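Engineer: Predicted model and sequence follow; I will ask about them next.
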Amino acid sequence: MERLSRRTLFAAAALPLTAAAAPAPPAGGRRARLRTAICAYSFRNELGSKKMSYNDLVDLAVDLDVDGLDLTVYWFPNTSDEFLIPLRNYAFANGVEIPSISVRTNCCQPTAELRAKEIQTIKDWVDVAAKLGAGHIRVFGGNVPKTSTEDEAASWVVAVLKDAGAYASKHGVVLGLENHGGITERADRILDIVKRVNLPSVRVNLDMGNFNKDAYKQLEQIAPYAANVQVKVEVRDETGNRVACDWERVLRMLSASGYRGYLSLEYEAKEPAPTAVPRLTRELNALVKKVAAG
């Protein structure tokens, strides 16, 4: 391998940070790495009724032999150190990672004042994620106001994510813009926003079940930009009908794109989560091994 001169090294070091700031392009050919997790949202009824705690979910992750716990924050009693640090320590003591937290946001804010408030909200959650050791936050784009155009709303989302993403990058946190209807209803608009933000700390939180139609085609479009993946049991086909999700098809799609990260099972169907999630997690774990083996 050709050795670099000191002058070349210093010149490379002097390049502006923005030169490496573009989001990752499609990475076909890169060896994928798929790891499984459970999403706290699956147990929304149990957490909401206090039949289960976040520590219980850590224990469940151990029992199900998954690497991670994706923490939906809606049932946090507070965001004080008295709650966050013991939770992080309990997860660590049990060998369970907290790769991601999921929060509520609405980046389609029409005024500078409202955008500033949204930016501050995301920054506050970045601080929480950093305390938990989470490298990713799922964020929502929001809905286009009836009095605005989609292009106008997209520019507001870009502005919010540019500012919040710059703050997140200083704390080692990535913001994943989820395909969640509204301004993020279509893959092409999601990619438009992420590319215009142009930061490595702003990528996509890929949710298998959220596209209203043509799910597999759109999932394939955004897969190379995914920072985190939430696994669903259903998708919508070309005509918008709900059908069972072909997990193997999506996992092979992610593998082909070079995805390295978590597959977080987010369960929303009718069967109670305490019985459905263990069964589905076993299926997902087995499928990950199958895909990894080729």
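Structural biologist: Right, received. Where do you want to start? Residues are numbered from 1 along each chain as shown.
Engineer: so what's Arg33 up against?
Structural biologist: By Cβ atoms under 8 Å, 6 or more residues apart in numbering, the contact set of Arg33 is 259-261. From N, CA and C alone the C-beta is placed, and that goes for glycine too.
Engineer: buried sites along stretch 93-100?
Structural biologist: 96-100 (16 or more other Cβ atoms under 10 Å).
Engineer: which of those lies closest to Val277?
Structural biologist: Nearest to Val277 among these: Val96, at 14.9 Å, using Cβ to Cβ.
Engineer: follow-up on the earlier one: strands - which of the contacts of Arg33 land there?
Structural biologist: 260-261 (DSSP state E).
Engineer: Secondary structure class of Ala130, three-state.
Structural biologist: Going by DSSP: H, G, I helix; E, B strand; the rest coil, the secondary structure assigned to Ala130 is helix.
Engineer: next one: Leu206
Structural biologist: strand.
Engineer: Dig out what it forms beta bridges with.
Structural biologist: Val229 (DSSP bridges).
Engineer: In contact with it, which residues?
Structural biologist: Contacts of Leu206 (Cβ under 8 Å, 6+ apart): 176, 178-179, 219, 222-223, 226, 228-230.
Engineer: now swap in Asn94 and tell me
Structural biologist: 58-59, 61-62.
Engineer: One more pass at 10 Å, please.
Structural biologist: For Asn94, the contacting residues are 55, 58-59, 61-62, 69, by Cβ atoms under 10 Å, 6 or more residues apart in numbering.
Engineer: for the protein, what spans make up the helices?
Structural biologist: 6-13, 44-48, 54-63, 81-93, 112-132, 150-170, 187-197, 215-222, 247-256, 273-292 (DSSP state H).
Engineer: Mean pLDDT added to these, as CSV?
Structural biologist: What follows is these, written out as CSV (pLDDT from 0 to 100):
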stretch, mean pLDDT
helix 6-13, 38
helix 44-48, 97
helix 54-63, 98
helix 81-93, 98
helix 112-132, 98
helix 150-170, 98
helix 187-197, 98
helix 215-222, 96
helix 247-256, 97
helix 273-292, 97
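Engineer: Could you dump these into CSV with distance to Ala37 added?
Structural biologist: Supplementary listing: these in CSV, determined by distance: least, Cβ to Cβ, whole Å:
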stretch, distance to Ala37
helix 6-13, 36
helix 44-48, 16
helix 54-63, 7
helix 81-93, 12
helix 112-132, 14
helix 150-170, 20
helix 187-197, 22
helix 215-222, 18
helix 247-256, 14
helix 273-292, 9
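Engineer: Of all those helices, which one comes closest to Glu238?
Structural biologist: Per Cβ to Cβ, nearest to Glu238 of those: helix 215-222, 8.2 Å.
Engineer: So what angle separates the directions of the closest one and helix 187-197?
Structural biologist: 10 degrees (axes from the mean of the first three to the mean of the last three Cα atoms, to 10 degrees).
Engineer: tell me what helix 215-222 is packed against?
Structural biologist: Applying 3 or more Cβ pairs under 10 Å, 6 or more residues apart in numbering; DSSP states H and E, one finds that helix 215-222 contacts helix 187-197, strand 202-207, strand 234-236, helix 247-256.
Engineer: The closest residue to Leu84 other than its chain neighbours: how many residues sit nearby?
Structural biologist: Among residues not flanking Leu84 along the chain, Lys131 sits closest, at 4.8 Å (Cβ to Cβ, 6 or more residues apart in numbering). Taking other Cβ atoms under 10 Å as the criterion, the count of residues near Lys131 is 17.
Engineer: Tell me which residues touch Lys131, please.
Structural biologist: 79-81, 83-85, 87-88, 171.
Engineer: surely Arg88 meets Ile98?
Structural biologist: Yes. Counting by Cβ atoms under 10 Å, Arg88 does reach Ile98; the two are 6.7 Å apart.
Engineer: Please tell me I have it right and Leu284 contacts Glu266.
Structural biologist: No. Counting by Cβ under 10 Å, Leu284 does not reach Glu266; the two are 11.4 Å apart.
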